[in-house]
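> give the three-dimensional model of this entry:
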Amino acid sequence: MKTTENRPPKGGVLPAAQIGELTGHGAIRSIGGPSLDPAAQIQPASLDLRLGNVAYRLQSSFLPQQYTVQERMKDLFMYEVDLDKGGILEREAVYLIPLVEWLRLPRDIKGKTNPKSSTGRLDIFTRVITDCSNRFEDIAPGYAGHLYLEVVPRSFTVKVRTGMRLNQLRLFYVDTEPIQGEELRERYQKDQMLYTDDGEFFDSELAARFDGVLMGVDLTAPNGEGSPIGYRARKNSQVIDLDRVGAYDADDFWDPIMPPKTGRLILEPEEFYIFASKERIRVPLSCAAEMVEFDAGSGELRTHYAGFFDPGFGYGRAGEIKGTKAVLEVRPHDVPFAIEDGQILFKMKYERMVAEPSIWYGAEIGSNYYNQTLRLAKQFTSGQQPA
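Have a look, this model is predicted:
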């Protein structure tokens, strides 16, 4: 694949067609598992990664540094879990799972991985590790080798199988830069990136800052009067089989949170919460977006366990959708933390696409959360109100 063809001057994210070309040229292939299934795995700007047939229970997390993953994990290995017929991953235990996909990237292409939406909403902490790396999730330009997924179920014990897709891979040119500054402000106005619940463009000069679009939390019942504003995970010992869509009653696993009478809500340390964004976000086909922390000094909490948004999210094919809520996965650290309605908790970092993808996030490709407001993972029967 000639990756330098049709590339924009500031790099960009590879769309589905170019990801497909890389698979066709062997830059992405299957090792020790079923062949790639482009129709099922390739999303508008990402590739779903599949679990291999074994999970290694480890004493702790690690980074390989100058070693391969297999070399580094030897001293931490405890036992194996067979995933071919379904394996149980215990809550708060650390597992390492070799992925089916293997890479040989061109020298001018790098990668980054994110958990898929359902993975984050189930409070399953995941991150990809590569050989001889000192960073999680980042895949070096020209990387050739295996991919491994660290998996730590935080709130629930889960059952997983070979071939399941918990994470996704995005590919970029090495000189890709986020859309920022004046270009971001211009695009914010042109593409009307945020909408209100009333269906109006959120026309604010404060929304698009230097390197991202700022967004807040909704504490006013985003699914209507009398409905929850969020959910808090219950420590439940029942096993959640990730293949079973709509099989579990949310009341067995989640405590609903109703609108606070004072307008302020106090979050407890190390508890896991699901909320919705105050604004409705749009990602035009010329962009992809990633949820990142607003400011490390804005609070001791994490708000983005699964933070990638494909082109077309809340936008559609030609801008026919007036925004979709983002779902926030929040865990405070160290001390109780008070939040108020509309408080800024995160920002969306936009990146330009190399080209507009031929498919976009929505009902056409079976996307699970394209019309969400406040919504739990697809495995639960309640807490699933559409927009």
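> my read is that P284 contacts F313, right?
No. Counting by Cβ atoms under 8 Å, P284 stays clear of F313, with 9.5 Å between them. (Glycine included, C-beta is placed from N, CA and C.)
> where do the helices of the stretch 1-150 of the chain begin and end?
Remark: helices assigned in the stretch 1-150 of the chain by DSSP state H, counting those that start in this stretch are 16-24, 38-41, 69-73, 117-121.
> just these: most buried one?
helix 117-121 (a mean of 23; mean count of other Cβ atoms under 10 Å).
> which elements pack onto it?
Judged by 3 or more Cβ pairs under 8 Å, 6 or more residues apart in numbering; DSSP states H and E, helix 117-121 is in contact with strand 324-332.
> ok, now which ones touch the closest residue in space to R121 that isn't next to it in sequence?
Nearest non-adjacent residue to R121, counting by Cβ to Cβ, 6 or more residues apart in numbering: A377, 3.9 Å away. By Cβ atoms under 8 Å, 6 or more residues apart in numbering, the contact list for A377 reads S117, S118, R121, L122.
> let's see 10 Å
116-124, 156, 240, 242, 245, 248, 250, 253-254, 274, 327, 368-369, 383-384 (Cβ atoms under 10 Å, 6 or more residues apart in numbering).
> ok, G216 next?
Per Cβ under 10 Å, 6+ apart, neighbours of G216: 275, 277-279, 294, 328, 339-346.
> just those: which are in strands?
Of the contacts of G216, the ones assigned to strands by DSSP state E are F275, S277, K278, E279, L328, I339, E340, I344, L345, F346.
> still on that earlier bit, out of the contacts of G216, show me where the pLDDT dips lowest.
Of all the contacts of G216, F294 carries the smallest pLDDT score, 67.
> low-confidence stretches in the stretch 151-300 of the chain?
294-300 (pLDDT under 70).
> all strands in it, in order from the N-terminus.
Secondary structure of the stretch 151-300 of the chain by DSSP state E, counting those that start in this stretch: the strands cover 156-160, 165-173, 194-195, 213-218, 230-233, 236-241, 254-257, 264-267, 273-281, 287-293.
> these: which one's closest to G11?
Taking Cβ to Cβ, strand 165-173 is the member of these nearest to G11, at 3.5 Å.
> so what's T130 bridging to?
Beta-bridge pairing for T130 (DSSP bridges): L147.
> against S277, how distant is the residue lying closest to T196 once chain neighbours are set aside?
Leaving aside its chain neighbours, T196 sits nearest to F202 (5.5 Å; criterion: Cβ to Cβ, 6+ apart). To S277, F202 is 11 Å away according to Cβ to Cβ, to the nearest Å.
> who's in contact with M258?
For M258, the contacting residues are L219, A221, G226, S227, P228, I229, G230, L265, by Cβ under 10 Å, 6+ apart.
> in this structure N53 contacts G87, no?
Yes. Using Cβ atoms under 10 Å as the test, N53 is close enough to G87 to be in contact (9.2 Å).
> okay, and the common contacts of those two?
Taking Cβ under 10 Å, 6+ apart as the contact rule, N53 and G87 both touch V81, I97, R161, T162.
> the residue nearest to the third one when sequence neighbours are not counted: what's it in contact with?
For R161, ignoring the flanking residues on the chain, the nearest one in space by Cβ to Cβ, 6+ apart is G86 at 4.9 Å. The contact partners of G86, taken as Cβ under 10 Å, 6+ apart, are K159, V160, R161, T162, M164, V239, D241, L242, D243.
> pLDDT at I365, what is it?
58.
> oh, I was asking about I359
You'll see I359 listed with a pLDDT of 88.
> next, work out how far apart it and G145 are.
As judged by Cβ to Cβ, I359 and G145 stand 29 Å apart.
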